[in-house]
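1. Can you look at this prediction? I've put the sequence above it.
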Amino acid sequence: MKKLLLLMVLVLGFVVPASAYPQVGNFKLSLWDNTAVAIPHNYIQNIEGVDLGIGSHSYNVTGFQWDLIWAETQYLTGVSWAFGISKTTQAKGVQWAFVTMAEDMTGVQLGGVNMATNTTGVQFGGVNMSHRSIVGAQVGFYNQAEYINGVQFGFVNYAKYIYGLQLGIFNIAENGYLPAMVFINGRF
């Protein structure tokens with residue numbers, strides 16, 4: 001009788017709709033996109049803990065997100081790491097992948113190609129682009145920002161408006177002391 005009761009509880013646990021469960025989980029194992037096994041149930045999109053997978057999409061991750069191919073989330077507080085692409089809307093922490101993308105980044109982006117709209121922190125990679133503004137540093141082969149308050153260190157550096165320093169072989173700052181300089185440029 002106890003075994004039958006336990007079996008019924010387990011079956012009902014998988015049949016009850018997701019709204020009956022709390023909307024936050026501690027662990028999610030994603031096979032691809034939203035196909036996942038999560039604790040306490042498979043419909044979790046808010047993770048406070050660990051999100052592992054081949055390719056995953058979660059709404060909110062507070063903790064650690066690690067995926068083989070791609071990791072996507074709307075809000076990240078912690079670390080997102082993928083071999084291919086790490087994409088987020090708002091990030092506070094570290095993004096690490098071959099291609100990292102963020103709308104608002106506070107922290108560190110590490111990758112072959114780093115792209116953000118607004119960055120407060122450091123972009124470190126082969127190609128670093130901040131489409132609107134960066135407060136901090138860009139370190140890479142090619143660095144680009146519309147507005148920068150900080151340092152660009154690379155082979156080629158470009159900024160439309162700079163308040164800081166560019167160090168590299170080719171430095172272009174439209175409002176710099178000179179629009180283009182070799183080795184060093186900037187404005188204070």
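-> Received the coordinates, thanks. Residues are numbered from 1 along each chain as shown.
2. What lies in contact with stretch 103-114?
-> Applying Cβ atoms under 8 Å, 6 or more residues apart in numbering, the set of residues contacting stretch 103-114 from outside is 86, 88-100, 102, 116-129, 140. In short, each C-beta sits where N, CA and C put it, glycine included.
3. mind redoing it with 7 Å?
-> The contact list for stretch 103-114, computed with Cβ atoms under 7 Å, 6 or more residues apart in numbering, reads 89-100, 102, 116-129.
4. ok, now stretch 76-96?
-> With contacts defined as Cβ under 7 Å, 6+ apart, stretch 76-96 is touched by 61-75, 97-111.
5. Now do that stretch: distance from first to last residue.
-> Taking Cα to Cα, to the nearest Å, the first and last residues of stretch 76-96 lie 12 Å apart.
6. How about it, which residues are buried there?
-> Within stretch 76-96, the residues scored as buried using 16 or more other Cβ atoms under 10 Å are 76-82, 85-88, 90-96.
7. Equivalent analysis for stretch 127-144, please.
-> Across stretch 127-144, burial judged by 16+ other Cβ under 10 Å covers 127-130, 133-138, 140, 142-144.
8. How about stretch 181-188?
-> Quick answer for stretch 181-188 (16+ other Cβ under 10 Å): 181, 185, 186.
9. circling back to that earlier point, in strands, which of the buried residues of stretch 127-144 appear?
-> With strands taken from DSSP state E, the overlap with the buried residues of stretch 127-144 comprises 127-130, 133-138, 140, 142-144.
10. Nearest to residue 165 among the residues you listed?
-> Closest to residue 165 out of these is residue 137 (9.8 Å), distances taken as Cβ to Cβ.
11. Mind pulling up the pLDDT for the closest one?
-> As predicted, residue 137 sits at a pLDDT of 97.
12. hang on, isn't it packed against residue 148?
-> No: with contact defined as Cβ atoms under 7 Å, residue 137 does not count as touching residue 148 (9.0 Å).
13. Let me know the distance separating residue 132 from residue 45.
-> The gap separating residue 132 from residue 45 is 28 Å, by Cβ to Cβ, to the nearest Å.
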